[in-house]
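Trainee: build the 3D model from these lines:
(one chain, ligands or ions: 2)
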Amino acid sequence: MEVGFLGLGIMGKAMSINLIRSGFKLTVWNRTLSKCDELVELGASIGETPAAVVKKCKYTIAMLSDPSVALSVVFDKDGVLEQICHGKGYIDMSTVDADTSSKISEAITSKGGSFLEAPVSGSKKPAEDGQLVILAAGEKALYDEAIPAFDIMGKKSFFLGQVGNGAKMKLVVNMIMGSMMNAFSEGLVLADRSGLNPHTLLDVLDLGGIANPMFRLKGPTMIQNSYSPAFPLKHQQKDMRLALALGDENAVSMPVAAAANEAFKKARSLGLGDLDFSAVYETVKTLEHSS
Ligand SMILES: NC(=O)C1=CN([C@@H]2O[C@H](COP(=O)(O)OP(=O)(O)OC[C@H]3O[C@@H](n4cnc5c(N)ncnc54)[C@H](OP(=O)(O)O)[C@@H]3O)[C@@H](O)[C@H]2O)C=CC1
Ligand SMILES: O=CCCC(=O)O
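Mentor: Residues are numbered from 1 along each chain as shown. Ligands and ions are numbered 1, 2, ... in the order given. From the prediction side, this is the model:
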């Protein structure tokens, strides 16, 4: 069966490579055409527009940067909506807010198509290893049909009910992660400035109750000031912003997340948005120096 894939960034490329290597026939589209090359070498076809991909495929998956892009790929000229119809499914795995997802869902279903949001937890390496955690919501029948693909891309899939619940779950998780990254950065700076060896701090953390894969993975590269992007900082800041808006809607006070968002915004203003989100460490170091 022909499956479409829109968006071959860090995540989309890894996810689509796993699908094609596992026997799915893929038609891919990416705004920057050259990013399709590796997929084509593996046997994928190229669709010239999102609409062309949807026309050819029963199911189309999207992995796009943010809400405005997710909307434009559906609603703009040559977009998904032009070809979606009864019998076709659209699965948006991008991290967006519940409103964006609902708008897309309503448009797709009003044309007879079925819709699932399915954002993922896990970064570049889990995407490459097929170890993502998939947070799906929307049309249950489409979820069931998508399970073979989800089982290739991920290690565990959750079906969370109505559209919006997947987006919300993802934002809650990333809000926690972004706050943790800031606390971790402050800890590394504090250790260093107070005369401790940051490597020893990593060893101590890893043996205690707050040991976690993120500290283990990012700590050593942060100490080396190395921020090759696995999860671009601009996307983490987008997720903090969307999570804070979810907090506003629900009257949930989140001062820790708000402070973390400020640090990510500062990092973006310093031109660090395309680096890994752990580059927020640079902001914490800078603020320490200026005080
Ligand atoms: N990286 C990670 O660790 C994780 C990311 N996510 C989420 O997954 C999504 C993708 O992330 P990631 O792959 O890292 O991001 P990238 O920035 O690597 O890729 C973004 C994708 O969106 C496309 N895009 C951007 N702007 C436009 C536009 N105006 N029109 C059409 N396409 C556009 C890019 O196309 P082009 O190549 O032309 O720029 C690219 O295909 C995001 O929502 C992110 O928050 C979720 C879990 C983990
Ligand atoms: O959205 C990105 C999540 C990155 C991760 O889960 O490590």
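
Trainee: and H289, what's its pLDDT?
Mentor: The model reports H289 with a pLDDT of 54.

Trainee: and if you look at L8?
Mentor: The score at L8 is 98. That number is its pLDDT.

Trainee: again, but for T286
Mentor: Predicted confidence (pLDDT) for T286: 83.

Trainee: for the most centrally placed residue in the chain, give its distance to P119.
Mentor: For the chain, T95 is the residue whose C-alpha lies nearest the centre (C-alpha atoms, centre = their mean; 4.9 Å). In this view, T95 and P119 are 5 Å apart by C-beta to C-beta, to the nearest Å. Quick note: C-beta positions are derived from backbone N, CA and C, even for glycine.

Trainee: got any residues that touch both of those two?
Mentor: When C-beta atoms under 8 Å, 6 or more residues apart in numbering defines a contact, the residues bordering T95 and P119 alike are A167, K170.

Trainee: re the thing from before, correct me, but the residue nearest to the centre of the chain touches V172?
Mentor: No. Distance between T95 and V172: 11.6 Å, which falls outside the contact criterion (C-beta atoms under 8 Å).

Trainee: looking at the stretch 151-291 of the chain, which residue is nearest ligand 2?
Mentor: Sorted by distance to ligand 2 under C-beta to the nearest ligand atom, the residues of the stretch 151-291 of the chain start with F231, at 4.5 Å.

Trainee: OK, contacts around that residue?
Mentor: I10, S123, K124, D276, F277.

Trainee: of those, which are in range of ligand 2?
Mentor: Filtering these for neighbours of ligand 2 using C-beta under 6 Å from any ligand atom leaves S123.

Trainee: out of the contacts of F231, who's nearest A107?
Mentor: Of all those, A107 sits closest to I10, with 27.0 Å by C-beta to C-beta.
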